[in-house]
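>>> The following comprises the amino acid sequence and a computationally predicted model.
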Amino acid sequence: MLKHAAISSFLSQTKDRFHVYNQPVTLEEKFQMIDKIKGIEAVEIVYPYEVHDPAETKALLEKYGVKVAAVNVNIKAEPEFINGGITSSDPAVRARAVGFIKEAKDFAVAIGADKVTCCPLGDGYEFHLQVDYIEMWNRIVDSFREAGEYFGGFPLFVEYKPSETRGRCFINDAAKTLAMIKATGQSNLGVTLDFGHSAYGDQNPAEELSLLEASGVPYYIHINDNDGRWDWDFFCGSHHYLAYIEFIYYLRKFGYSDYLTSDTSPTRWDIIGTFEANSRITARIEGVLDAIGDGEIEKMIAGENYLATWKFIEEKIFRLGEA
């Protein structure tokens, strides 16, 4: 069975442009909450805004028996990053953004985490003739090369997203992320594939996953869902049910053994219930796939008559009875 984690910042108060949701809680209370969420055993924690003291963090993790899926380093929130961190025209600003990633690696090692993940959301543009694309690309490659070189072979995963906080992020799909990693020449860089980012970026998450598998570059998974127009971080299967089933099928086919980390925002819904929905629907999908068997699914995919495939989906996957 696939194993699950949650991004711990979503276990507390969140807000959008108009509303504030849920109550603020301490880091210790977040770790206490993990123990109450069925199917969730680990956290992805945000550096440097959620955690900063490795000794304290490690002690709390051990106290509540919580594992760490990853350390997520934020390089978008500082005022000087408003026009980009790793692509800033100011070398000092770029150095600070890269410095955050290096510090996150130090923190991860200190608490026993096995990876850092980073989503460079502040690096992008809004308009034509706004930026020099080659210069921006070179700065991104140079920055991630330097960050990758730091601390030997410690894994650093780059998360792509179509937009936010910029109108268009430079690192916005799996293929471009792979191209950037190849350009760095660093073997310890990987890709964080967020199901919702892929879906609202007009991509097929299972196809992008397959591209990553074929590339040989390591990958790490965030799960959620949305309406295809924005990154709403809804619970899994609520909008792209069949796409999520296909995604889980390929994760299992490829032998994925890392965490499925819920990058899901509860907002109006119960926090514990929202994260339990992710682990529950995933487990039930795995149960259906187990009952069918990989051989039958492979035979179905290999068939050239999609009407027959669809009937198979109706009967074996959706489990619809006779009309």
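Cool, the structure landed.
>>> Give the rounded mean pLDDT of stretch 284-300.
Averaged across stretch 284-300, the pLDDT comes to 97.
>>> if we look at that stretch, which residues are touching it?
The contact list for stretch 284-300 (C-beta atoms under 8 Å, 6 or more residues apart in numbering) reads 1-2, 237, 244-245, 248-249, 252-253, 308-309, 312, 316-317, 319. The way it works is simple: take the backbone N, C-alpha and C, and place the C-beta from them, glycine included.
>>> ok now it, how far from the chain's centre?
Mean C-alpha position of stretch 284-300 versus that of the full chain (C-alpha atoms, centre = their mean, to the nearest Å) differs by 25 Å.
>>> quick one on the thing from earlier: among the contacts of stretch 284-300, who's most crowded?
residue 248 (25 neighbours; other C-beta atoms under 10 Å).
>>> distance of it from residue 206?
In this view, residue 248 and residue 206 are 9 Å apart by C-beta to C-beta, to the nearest Å.
>>> Could you do residue 171 as well?
According to C-beta to C-beta, residue 171 stands 20 Å off from residue 206.
>>> which one of these two has more residues nearby?
Each of residue 171 and residue 206 has its neighbours counted (other C-beta under 10 Å); residue 171 has more, 25 against 20.
>>> Now for the residue nearest to that one when sequence neighbours are not counted, how many residues are close by?
Closest residue to residue 171 apart from its sequence neighbours, by C-beta to C-beta, 6 or more residues apart in numbering: residue 160 at 4.7 Å. Residues near residue 160, counting by other C-beta under 10 Å, number 27.
>>> Determine which two of the contacts of stretch 284-300 are furthest apart.
Farthest pair in the contacts of stretch 284-300 (C-beta to C-beta) is 1 and 308. Separation: 29.9 Å.
>>> for the stretch 101-250 of the chain, what spans make up the strands?
In the stretch 101-250 of the chain, the strands defined using DSSP state E, counting those that start in this stretch lie at 116-118, 124-125, 156-159, 168-169, 189-194, 219-223.
>>> helices and strands around the helix or strand hosting residue 100, which ones?
Under the criterion of DSSP states H and E, residue 100 resides in helix 91-111. Helix 91-111 is packed against strand 40-47, helix 54-64, strand 67-73, strand 116-118, helix 133-149, with contacts defined by 3 or more C-beta pairs under 8 Å, 6 or more residues apart in numbering; DSSP states H and E.
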